[in-house]
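Novice: Have a look at this prediction, sequence included:
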Amino acid sequence: MNEIEKKINDLREQLRYHSDRYYNDDAPEIEDYQYDMMMRELKALEEKYPEYDSIDSPTKRVGGKADNSFESVAHTVRMESLQDAFSKEELFDFDKRVNEGAGAAAYVVEPKIDGLSVSLEYVNGEFFRGSTRGDGDVGEDVSGNLRVIHNVPLKLNKPVPYIEVRGEVYMPKKSFERVVDRQLLNDEKPFKNPRNAAAGSLRQKDSKVTATRGLDIFVFNVQQLEGEELTSHKQSLDYLNELGFNTIPFYNRVNSIQEAVDCIDEIGEKRGELEFDIDGAVIKVDDFSKRELLGSTSKFPKWAVAFKYPPEEKQTKLIDIEITVGRTGVLTPTAVLESVHLAGTTVSRATLHNQDFINEKGVNIGDIVTVRKAGDIIPEVLCVNEKHSEGAFVYPEICPSCGEKVVREEDEAAIRCINPECPAQLLRNLIHFCSRDAMDIEGLGPSIIETFVNEGMIKKTPDIFNLDKEKIATLEGFKETSANNIINSVEKSKQNDLSKLIFALGIRHIGEKAAKLLSDEFKNIDAIMDATAEDILEIEGYGKIMAQAVVDFFKTQSAKELVEELKAAGVNTKSKTVIKDNRFEGKTFVLTGTLESYKRSEASKIIESFGGKTSSSVSKKTDFVLAGAEAGSKLDKANALSVRVISEEEFGEMIR
């Protein structure tokens, strides 16, 4: 294979990978501009060396594919992608091709919304089905999730026999901020950008989750229509407005390519002020008869082009670097800049990501840096242009919020504070502490905890156990009954098993199962606090990172004080696991399928009461797999590894 062929194949492989991450996983790893430049390079090579052309090249395919978890929908009218342009010269070339193929044409110019493309179908004016673009020919049925988007009309203003329209589902910037705040509060990985968030939200299995995400839609095309004759794009958009659709905003009909270019410049100037993301502007031939003459390639219509706005970059001085503590304890560096106008807004702050990024770029206070808006939303420092400082900025060794020593775990870029009582993390930690799988304090949900924090009733975790019933009853929306219920639930939680308290403390890497193993092994919290990493590593299922996380947590002064205050409040700190006998000592069980005689939690408790352990995965170390009805992959793996599989009847004999 020669160098050119290798380059082409490498580009195709990279583009397929990044296309899959973008369209199907909703988790892009590179900026759109980088992807577009790679695509452009591949296309140029294929044109120059046609002997290496391929029918399945990314240059000839729409990016997505139907998700197997949704019903497939075959598109009668192909949902095509658009040819991209990155310079004004390319727009004039597009106009020249249109003139050669169909004569002089009028155009409609509209913003290119950065979201997820969908098809909406209506029969007799009523919503019938909605689907994603997928690969252009086959998408996925997401009708249930589209129904909960406010601007998707369920009934049109006219009973049109049949109409299929194309639109873009997007997440407004304010909705995106709310969703990310919620994700951080729940210690979830936040969405990278609004497009990614919109795609992930529309593909939720539960439409109730989709309904909470604040999605919206703009409709921009008629795909199919019965009962009406339309002759132009401008006419079709006006018609869609009449039917009650939320159509693409500020679309303009112009008579020349120069007027179209002027419109693109106007849209570009507005983009920083818009409540939604755009990644370009689209020029479309207005006359449908001219579109017929022009036709399409295997991937793009020849009657439209999308102008992509280049990422705007500016140079400015870095005045300071501020370190803030997020709700998950991660220390985040923010560059404080001399103000600069960028992508329609004034920018004075930008992200520096983490210490590794700062080291790589050699960034420090006083340097002249290049700044741009990543995805036109979050300003970021790209590089240092002029060095006016020594070396790179170094993170503080203590948390700026609580003064505890910060840690960086192996193989992790983030530096974080692990103090359970850190003020910056208080709300998130309290919500986790009270949750069902932790201390299970019924009535203390996220919104009520937030109210109590705002009222100054909870300033740290032990305050939960000293709540004043009379004070609760005086708050708006509360009555004596609800106050009583909360206090009773708090009192009940004091008797929980030690394992629930360990999980509630929010020790990094320690889930419910690991908390139970720790509790069963050491029996009380004092023994856990005195344990070394080597002691904890003796527990089957624990690795070095988990063991060290437990040791690091309990050696902080704040954790020691928290435990003492919880003890003083009457919270149980001992294991309640009772061993009847040791018949299952050293034995590990895996439960799979639907059990008729026991709930899985009941079967697990029985196994533990006889000295055994349960695991969530089958391995060579597994002794028994208790299999109920419809047992799946775990049963298959047990058979493959020759692990003994037992029925409920056999299990009953073993515990009799």
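Specialist: In hand now; what should we look at? Please read these numbers as outputs of a predicted model, since none were measured by experiment. Residues are numbered from 1 along each chain as shown.
Novice: Lowest mean pLDDT among the helices and strands, pick that one out for the chain.
Specialist: helix 32-48 (a mean of 81; mean pLDDT, DSSP states H and E).
Novice: Show me what it is in contact with.
Specialist: Applying CB atoms under 8 Å, 6 or more residues apart in numbering, the external contacts of helix 32-48 come out as 4, 7-8, 11-12, 14-15, 18-19, 22, 28, 52-53, 57-59, 84, 86, 279, 308, 310-311, 375. C-betas here are computed from N, CA, C, even on glycine.
Novice: For stretch 572-588, buried residues please.
Specialist: Asn572, Thr573, Ser575, Thr577, Phe584, Lys587, Thr588 (16 or more other CB atoms under 10 Å).
Novice: for the stretch 451-600 of the chain, which spans come out with low pLDDT?
Specialist: Nowhere does the stretch 451-600 of the chain drop to pLDDT under 70.
Novice: Just the buried subset of the contacts of helix 32-48, please.
Specialist: Buried, going by 16+ other CB under 10 Å: 8, 11-12, 15, 18-19, 22, 28, 52, 57-59, 84, 86, 279, 308, 311, 375, out of the contacts of helix 32-48.
Novice: Where do the strands of the stretch 1-150 of the chain begin and end?
Specialist: Assigned by DSSP state E, counting those that start in this stretch, the strands in the stretch 1-150 of the chain fall at 72-74, 84-85, 107-113, 116-123, 126-132, 138-140.
Novice: Ok, which of the ones you listed comes nearest Ser447?
Specialist: With CB to CB, the closest approach to Ser447 among the strands of the stretch 1-150 of the chain belongs to strand 116-123: 29.9 Å.
Novice: Spatially central residue for this structure, please.
Specialist: The chain has Phe191 as the residue nearest its centroid, 3.3 Å off, counting by CA atoms, centre = their mean.
Novice: Next, the contact list for that residue, please.
Specialist: Asp26, Phe176, Val179, Val180, Gln183, Ala197, Gly200.
Novice: looking at it, the fifth one is touching Ala197, isn't it?
Specialist: In this case it means Gln183. No: at 9.3 Å, Gln183 does not count as touching Ala197 under the criterion of CB atoms under 8 Å.
Novice: the more surrounded of these two?
Specialist: Ala197 (24 against 16; other CB atoms under 10 Å).
Novice: Quick check, the more buried one in contact with Val179.
Specialist: Yes: counting by CB under 8 Å, Val179 is a contact partner of Ala197 at 5.8 Å.
Novice: what residues do the two have in common as contacts?
Specialist: In contact with both Ala197 and Val179: Met171, Phe191, Arg213, using CB under 8 Å, 6+ apart.
Novice: And those, which is closest to Leu225?
Specialist: Closest approach to Leu225 among the shared contacts of Ala197 and Val179 (CB to CB): Met171, at 28.8 Å.
Novice: Ala199 is in contact with the closest one, correct?
Specialist: No: if you go by CB under 8 Å, Met171 and Ala199 don't touch, sitting 9.1 Å apart.
Novice: shared neighbours, those two?
Specialist: In contact with both Met171 and Ala199: Gly115, using CB under 8 Å, 6+ apart.
Novice: Of those two, give the one with the bigger neighbour count.
Specialist: The neighbour comparison of Met171 against Ala199 (other CB under 10 Å) goes to Met171, with 30 against 24.
Novice: residues touching the more buried one, list them.
Specialist: Met171 neighbours (CB under 8 Å, 6+ apart): Gly115, Val179, Pro194, Arg195, Ala197, Ala198, Ser201, Arg213, Gly214, Leu215, Asp216.
Novice: Could you do Leu82 as well?
Specialist: Lys112, Val282, Phe300, Pro301, Ala304, Val305, Ala306.
Novice: how about a cut-off of 7 Å?
Specialist: By CB atoms under 7 Å, 6 or more residues apart in numbering, Leu82 lies in contact with Val282, Phe300, Ala304, Val305, Ala306.
Novice: top of those residues by neighbour count?
Specialist: Of the contacts of Leu82, with other CB under 10 Å as the count, Val305 tops at 26 neighbours.
Novice: How about the secondary structure of that one?
Specialist: Classification of Val305 using DSSP: H, G, I helix; E, B strand; the rest coil returns strand.
Novice: Report the separation between it and Arg12.
Specialist: 24 Å (CB to CB, to the nearest Å).
Novice: Bridge partners for Val165, pull those for me.
Specialist: Beta bridges link Val165 to Leu120, Val222, judged by DSSP bridges.
Novice: show me what contacts it?
Specialist: Leu120, Val219, Asn221, Val222, Gln223, Leu240, Phe245.
Novice: Is the second one in contact with Phe245, as I believe?
Specialist: Yes: here Val219 lies in contact with Phe245, judged by CB atoms under 7 Å, at a distance of 4.2 Å.
Novice: Show me which pair in the contacts of Leu82 is furthest apart.
Specialist: Val282 and Phe300 (11.9 Å).
Novice: Could you check the pLDDT of the residue nearest to Glu126 when sequence neighbours are not counted?
Specialist: Residue nearest to Glu126 in three dimensions, not counting chain neighbours: Lys155, with 5.5 Å by CB to CB, 6 or more residues apart in numbering. Lys155 is assigned a predicted lDDT (pLDDT) of 94.
Novice: how far away is Lys155 from Gly125?
Specialist: 6 Å.
Novice: what residue ranges in the stretch 251-400 of the chain are flagged as low confidence?
Specialist: For the stretch 251-400 of the chain, the stretches flagged by pLDDT under 70 are 343-344, 374-377.
Novice: show me where it has strands.
Specialist: Using DSSP E, counting those that start in this stretch, strands in the stretch 251-400 of the chain cover 252-254, 278-285, 304-308, 313-325, 331-342, 345-351, 368-374, 378-386.
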